[in-house]
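Q: What shape does this take:
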Amino acid sequence: MNETTQLPCFREAFYRRERRSIPLVRRFAREALVEWACGVEAADLLLCVSELATNALVHGVPPGRGFRMHLYWERAEGRLRVEMHDSGDGEVPADPVARGAEPDAEAEGGRGLLLVSALADAWGVAERDPGKIVWCEFAASARNFAGLGPDAHHLP
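A: Reported below is the predicted structural model:
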């Protein structure tokens, strides 16, 4: 391997079908951001992580099963990818942005994937057996990445 080749950083964790898993997912993602110093907007990433994990917990994980989060930091491309792997038999959700779906103003839910679509640079859904993978990606900010900006020494 030559010196210019950079392998992606990878982390994964398994979570049980419990509400208390959501703060653990956020903590896990925040720790990776700090360790990797990847220049991704922490608030946006953590909100998307919360939404994807909550969707996996509520809609994608049957009783007795759990979900898995994968984080990939691809240094060469300046991209952070988040994947939530659930184990349910549910259908792959339709793209709410393409459908023009607006939840009822009084509804308590239905905005998660709209938020992910608005905050992430890309997102999508892939099938797995059993279940599905819902993913999103964030590009590193040139201002924050590699010590280029005035605030680069502040970790997220």
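Q: secondary structure class for Gly39?
A: coil (DSSP: H, G, I helix; E, B strand; the rest coil).
Q: who does the residue positioned nearest the centre of the chain bridge with?
A: The centroid of the chain falls nearest to Val82 when counting by CA atoms, centre = their mean (3.5 Å). Beta-bridge partners recorded for Val82 (DSSP bridges): Leu71, Cys136.
Q: Low-confidence ranges, the chain, go.
A: Within the chain, the stretches with pLDDT under 70 are 1-7, 90-111, 142-156.
Q: Looking at it, which helix is longest?
A: Longest among the helix segments of the chain by residue count, using DSSP state H, is helix 21-36.
Q: just to revisit the earlier point, shouldn't the residue nearest to the centre of the chain be in contact with Asp44?
A: No - Val82 lies out of contact with Asp44 (CB atoms under 8 Å); the separation is 11.0 Å. Any C-beta I mention is one placed from the backbone N, CA and C, and that applies to glycine too.
Q: so what sits against both of the two?
A: Phe138 (CB atoms under 8 Å, 6 or more residues apart in numbering).
Q: so how far is Val34 from the closest residue to Gly78 other than its chain neighbours?
A: Take Gly78 and drop its neighbours on the chain: the residue closest to it by CB to CB, 6 or more residues apart in numbering is Ala140, 4.0 Å away. Distance from Ala140 to Val34, counting by CB to CB, to the nearest Å: 14 Å.
Q: swap in Gly60?
A: According to CB to CB, Gly60 and Val34 sit 28 Å apart.
Q: Quick one: residues contacting Ala118.
A: No contacts exist for Ala118 under CB under 8 Å, 6+ apart.
Q: any idea which element it lies in?
A: Assessed by DSSP states H and E, Ala118 sits inside helix 112-119.
Q: quick one: that helix to chain centroid distance?
A: With CA atoms, centre = their mean, to the nearest Å as the basis, helix 112-119 stands 11 Å off its chain's centre.
Q: Hmm, Asn55 and Gly112 touching each other?
A: Yes - between Gly112 and Asn55 there is a contact under CB under 8 Å: 5.4 Å.
Q: for the residue nearest to the centre of the chain, what are its contacts?
A: Ala29, Leu45, Cys48, Val49, Leu52, Met69, His70, Leu71, Trp135, Cys136, Glu137, Phe138.
Q: which of the residues you listed has the most neighbours?
A: The most crowded member of the contacts of Val82 is Leu52, carrying 28 neighbours; neighbours defined as other CB atoms under 10 Å.
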